Structure formats: C-alpha cells, structure tokens
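1. give me a model of this one.
(chains A, B, C and D)
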Number of protein chains: 2
Amino acid sequence: MPVPKGSTLDPERTRAAIVAAAMPILYERGLDGVGVAELCAAVGVSKETLYRHFGSKEGLIEAVLEARSERVTRWLRTAAEAAGDDPAAQLAAVFDALAGWHAEPDFRGCALLNAAAQHHGAPELDLAGRHLERRLALLTEIAARAGAADPGALARQLLILVTGCTVVADQHPTTPDAARLARQAALTLLEAAGSPRQSRDPR
Amino acid sequence: MPVPKGSTLDPERTRAAIVAAAMPILYERGLDGVGVAELCAAVGVSKETLYRHFGSKEGLIEAVLEARSERVTRWLRTAAEAAGDDPAAQLAAVFDALAGWHAEPDFRGCALLNAAAQHHGAPELDLAGRHLERRLALLTEIAARAGAADPGALARQLLILVTGCTVVADQHPTTPDAARLARQAALTLLEAAGSPRQSRDPR
DNA sequence: CTTAGATCGAACCGATCGGTACGATAACAG
DNA sequence: CTGTTATCGTACCGATCGGTTCGATCTAAG
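-> Okay, the predicted model is just below:
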C-alpha cells in the first residue's frame, strides 16, 4: 500500500505538478523575480499547499533546481548516446544539442548557474556544483573512450567549453553561434588530446 | 573653472568615492544582497547624498558595474601587453592573470555576468554584453596578430574559454585550476588556427 | 559675515514579500 | 455516515526595502 493511511488526491502528484509548473516561471523571471503569491496563482495552488509540500520558498527552489538538473543531464546524455559510439560524434552531438537549446526563444542561460550567481552563499551553490559534476561525468566518459592521455583534464576543458558557450550565447548577442564555435574547439581539443602528439607541457 | 558655481567638497570626488567603496560590497554580497541603508553606512555617506548622485539604487549599480568593467578590461590588457609581443605568450599571460584572480580568497566570479544573471531584463544585460565585447576586442587583436585564418572565430572561441573557466572556477570546486586548463586549450586552438591545417568545416 | 551648495542623520512612507492562520470544501477510507 | 486529509481562498502579520523629506551642520566663495 503506497498510500500510508487514508489520503487522496495524491500528494506526490501534487508536489510533482507544482515543481513542473513553477520551473519555467522561475527560470524565465529569475528566482527573486516572482513572489510566492504570484507563483501560487500561476501554478494553480494555494499558499498553504505549497508551504506544506516545500516548507519555504527556498525549499521549492531547491526542488525545482534539482529536478531541472536531472532533466537537462538526462537530456544531454540522451543526445550524446543517440549519436552512436564514436566519441567525436557524441561530442559533436552534445554541442549540437546545446546549439538547439540556445536558439530557443526563451533561452535564458543555465538555470543552475544563474541560481548560484544570485544566491551565492546558499545551497544553490552546491546544486550548481553537483550539476557541473554530472556534466563532467558524461564528458569524462567520452574523453576516456576517445583515448585521451588525460581524460580528466580533457573533460574539464570540455566542461569549460560547454559552460562558456552557454553563458556567451546568453549574454553576448554578437555571438549567437557560440555552441557551433565551441563544438569546433572541442573537436580540435579531442583530436589533439587523442594522439599523443605535442600535448607535452608539464607546467 | 571646473566647479560651476560656489561649491566645495568636490561632488565628483564624492561620487567616485561612493563607487569605489560600494564596488567590493556589491560584488561580495550580490546586488540584491545588501540594502541601500547598509550600503550607505558601509560607504560612509548619507542616503540623500547617494540618491542625489545616482538617482536610484539601479543608477549606483550601473555606475559600479561600468567602473568595474573598465577596470578589469584595463587590467587584462595590461597583463597581456606585459608579456611582450608574441601572441601565444600574451594569450598565456591572460590566462595566468585569470588564474591569479580565481585564486583570490574573495573571488566570486565575474561581477558583470553575475549581475546579468540576477537582473536579466534590465540594463545590466547590456553592461555584460559590452563587457564581453571589450574582452572580445582584446582577444581578436591577439588572434589577428597570431595569423589565424579566421581571427573573429578564434577570438570568440577564446572568449568562450575565458568566460567558461571563470564560471567553472567559481562554481565547480573540483576544478580549481580551470584557468590553467583553459590556457592549455587556448594555446592548442591558437596553434591549430595558425597553421591552415584541418580547420576546414564550413557547416 | 553672509550666502549657497553639499552633506549628515534620522525619521518617515508606501509597497512588497515571505510566511501563518482559519474557515470552508471536496474526496476518499472505514 | 463519519472521520481524516488535502486543498482552497482570503485575510493577516511582521519585516525589509527603496526612496523621500527635513532640519542641522559644515565648507568655501564673495
């Protein structure tokens, strides 16, 4: 019996619905750009319900950010795996997916990074760190399977490219093709790291 | 007579002092993390004075961000020029300077990018865009003098590396050496773009 | 000394916001 | 039917914040 006592209307479902409905609003308007009252109205839920599920606005924000991190991580991994087994092809697919995201009209940068930039002290920073960690895991797999001499280092360079092109695409209107440029750079780095050519530079 | 009528205590000086004193506070605590009252107390100025000089908190923020953008731009250019004439050496010097910045205990990411992430609609986004534009100008000069086939494209890739490594250094504790990794990547890209090898990829 | 502009300090205002409390309603378990 | 639970809608509270106002004080020009 998944439902403990006598209950209905499925609190779990309600909670998930709140998270799903609040996510785009908090993303577009910013964490501090929308109050709890307006949020409840848009979500279609009363304040009491929201506070019973999440305890505070911070609690809701954390749940939304966590859900978002999981979603985008899954999405990126799916895009990579859909490109086959070749590491270079997977890497290219990752940046192509990013390019598609950046081109969406309501693109507003990475929600996790934006959140960390706003509430820098709070647990949002941990969320952002874990978010980057998940991305790093995917990139490390690709780097390792590509036979890179130092997969960890290459993966971190790729992480810098992924992060950088998303920020630039968001805030530098003169560079709308940031993902394409980053993709080209990533493939160049992948090639340079794959063949133990002149990657020597112990300093 | 630079002072119009009968005035003293130099309003210009006061204004500059406010900007200089408010800058680190707004940087460390975030634009919304400190109120006008506290800001005035820390700066050592009354509210009336602040509002006569800047009109609003937004006005102060814009002045502070503009001053910060000019300062960091000048700083980065100085670091590059101090490395001599070789483009590769200049590029390495840029990332070394970034590494030093990232290692400072009160490093909190790029103030301009953080501001744009917070007040995304307001003029802060323009400020951030112009900030990136200034950086791009420096990187374009270096890319052009390095003989890159497409200096604009290479410069934008370098901009992505600069931006990305700053964000990663701020929000990914497992990658404290982001600037070093970005430096290595930048030099690899510079070399690949210099010799017209396999940079072909018109799509 | 007189006068004008700059500054201070503190009080004050209106608005907003996060969070709580309460009575009413609807759904399901027993 | 009865009791429990989730939910709603609304009103409310305390705090904070951006911004204004005002009288007092200081400085320097004339």
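
2. residue A:117: neighbour count?
-> Using other C-beta atoms under 10 Å in any protein chain shown, residue A:117 has 27 other residues around it. Heads up, the C-betas are built off the backbone N, CA and C, glycines and all.

3. identify the residues contacting it.
-> The contact partners of residue A:117, taken as C-beta atoms under 8 Å, 6 or more residues apart in numbering or on different chains, are B:109, B:113, B:114, B:117, B:118.

4. which among the residues you listed are in contact with DNA strand D?
-> Residues of these in contact with DNA strand D (C-beta under 7 Å from any atom of the strand): none.

5. closest one to DNA strand D out of the residues you listed, please.
-> Nearest to DNA strand D among the contacts of residue A:117 is residue B:118, at 11.9 Å by C-beta to the nearest atom of the strand.

6. quick one, helices of chain A?
-> For chain A, the helices defined by DSSP state H occupy A:11-29, A:36-43, A:47-54, A:57-81, A:87-102, A:111-118, A:124-145, A:151-171, A:178-194.

7. roughly how far is the last one from the heart of the chain?
-> Centre-to-centre, helix A:178-194 and its host chain are 20 Å apart (C-alpha atoms, centre = their mean, to the nearest Å).

8. distance of the one residue in chain A that gets nearest to chain B from residue B:101?
-> Relative to chain B, the nearest point of chain A is residue A:164 (2.4 Å; C-beta to the nearest C-beta). From residue A:164 over to residue B:101 the distance is 16 Å, taken as C-beta to C-beta, to the nearest Å.

9. number of residues surrounding residue A:23?
-> Neighbour number of residue A:23 under other C-beta under 10 Å is 17.

10. nearest spatial neighbour of it, skipping sequence neighbours?
-> Nearest non-adjacent residue to residue A:23, counting by C-beta to C-beta, 6 or more residues apart in numbering or on different chains: residue A:64, 5.1 Å away.

11. residue A:24 is in contact with that neighbour, correct?
-> No - Residue A:64 is beyond contact range of residue A:24, at 9.7 Å (criterion: C-beta atoms under 8 Å).

12. where does residue A:177 land on pLDDT?
-> On the pLDDT scale, residue A:177 is placed at 97.

13. show me the contacts for the closest residue to it other than its chain neighbours.
-> Nearest residue to residue A:177, sequence neighbours excluded (C-beta to C-beta, 6+ apart): residue A:99, at 7.4 Å. When contacts are counted by C-beta under 8 Å, 6+ apart, residue A:99 is found next to A:177, A:179, A:180, A:183.

14. just the residues you listed now: which is nearest residue B:135?
-> Looking at those and their distance to residue B:135, the nearest is residue A:177, at 17.5 Å (C-beta to C-beta).

15. thinking again about what came up before, residue A:164 and residue B:101: which is more packed in?
-> residue A:164 (27 against 17).

16. and the more buried one, what does it touch?
-> A:178, A:182, B:159, B:160, B:161, B:162, B:163, B:164, B:165, B:167.

17. swap the cut-off to 10 Å and go again
-> Taking C-beta atoms under 10 Å, 6 or more residues apart in numbering or on different chains, we find residue A:164 in contact with A:178, A:181-182, A:185, B:157-168, B:182.

18. distance check, the residue lying closest to residue A:167 once chain neighbours are set aside against DNA strand D.
-> Nearest residue to residue A:167, sequence neighbours excluded (C-beta to C-beta, 6+ apart): residue B:163, at 5.1 Å. Separation of residue B:163 from DNA strand D (C-beta to the nearest atom of the strand, to the nearest Å): 28 Å.

19. again, but for residue A:50
-> Counting by C-beta to the nearest atom of the strand, the gap from residue A:50 to DNA strand D is 7 Å.

20. tell me, how many residues neighbour the nearest residue to that residue once chain neighbours are set aside?
-> What sits nearest to residue A:50 in space, not counting adjacent residues and going by C-beta to C-beta, 6+ apart, is residue A:40, at 5.6 Å. Counted with other C-beta under 10 Å, residues neighbouring residue A:40 total 18.

21. residue A:40 and residue A:54: what is the separation?
-> 11 Å.
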